[in-house]
Each structure stands twice: as structure tokens, then as C-alpha cells.
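S.K.: okay, sequence plus prediction incoming.
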Amino acid sequence: MVEKRDNSVDGLSFEKALEELEKIVQALESGEVELEKSVALYERGEKLKARCETLLRQAEERVEKVKANSQGEAQGVEPFEAE
């Protein structure tokens, strides 16, 4: 079963948040969790999902892509821009 140590997800790394989210999904999919606990797990899962999305967005913003000149040679870097 999934245990909550701390209600806040703000300090969790991407990996820890994703790991906990996967455990919540497994618990909910098992169908063995009481309704009240299912609701609480679902709410926690939503917070974890948002945390993962935030961390991914932050990582994406830090990614730099290589600029190439007309000969295809690396000329420098520029900020990543999601399309």
C-alpha cells in the first residue's frame, strides 16, 4: 500500500514523485482500496502529477539546442523553444 510521509510534494525530485505516483496508480487499479482512501490517494496523485509536470517544464527550459551555421558546423547554443 502507499504511505504518505509528508503531504507536501514541493521538495520531491522528479524520480521520487513519479515513483510515488506509480504506486498510487497500482493501488487504485487493484480495486482493493476503500473509497475514502481512494479519494485521498487520487488527490495525492494529482499533486504528484502536477509536480512532475512542473519539473519537466523546468528541465525543458534549461535545455539548450546547438545552433549550426550554413555549413552545418556548431556555432553556439540558444535556449530551447518548445514548438
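M.R.: Thanks, I have it.
S.K.: okay, buried residues for stretch 38-49 please.
M.R.: Neighbour-count burial for stretch 38-49, counted by 16 or more other C-beta atoms under 10 Å, picks out 41, 44-45, 47-48. Just so you know, the C-beta spots here come from the backbone N, C-alpha and C atoms, and that holds for glycine as well.
S.K.: what's the closest of the residues you listed to residue 63?
M.R.: Nearest to residue 63 out of the buried residues of stretch 38-49 is residue 48 (C-beta to C-beta; 22.9 Å).
S.K.: any chance of the buried residues of stretch 38-49 in JSON lines with distance to residue 21, secondary structure and pLDDT as columns?
M.R.: As requested, those are exported to JSON lines (distance: C-beta to C-beta, whole Å; DSSP: H, G, I helix; E, B strand; the rest coil; pLDDT from 0 to 100):
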{"residue": "41", "distance to residue 21": "10", "secondary structure": "helix", "pLDDT": "97"}
{"residue": "44", "distance to residue 21": "9", "secondary structure": "helix", "pLDDT": "97"}
{"residue": "45", "distance to residue 21": "6", "secondary structure": "helix", "pLDDT": "97"}
{"residue": "47", "distance to residue 21": "9", "secondary structure": "helix", "pLDDT": "97"}
{"residue": "48", "distance to residue 21": "4", "secondary structure": "helix", "pLDDT": "98"}
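S.K.: where does this structure dip in pLDDT?
M.R.: The chain contains residues with pLDDT under 70 at 1-6, 64-69, 77-83.
S.K.: let's see that with 50 instead.
M.R.: 1, 3-4 (pLDDT under 50).
S.K.: tell me which element the residue nearest to the spatial centre of the chain falls in.
M.R.: For the chain, the residue nearest the mean C-alpha position is residue 52 (1.6 Å; C-alpha atoms, centre = their mean). Following DSSP states H and E, one finds residue 52 within helix 35-62.
S.K.: residues contacting the residue nearest to the centre of the chain?
M.R.: 14, 17-18, 21 (C-beta atoms under 8 Å, 6 or more residues apart in numbering).
S.K.: same check on residue 51?
M.R.: 9-10, 12, 14, 17.
S.K.: let's see it at 7 Å
M.R.: Residue 51 makes contact with 9, 12, 17, according to C-beta atoms under 7 Å, 6 or more residues apart in numbering.
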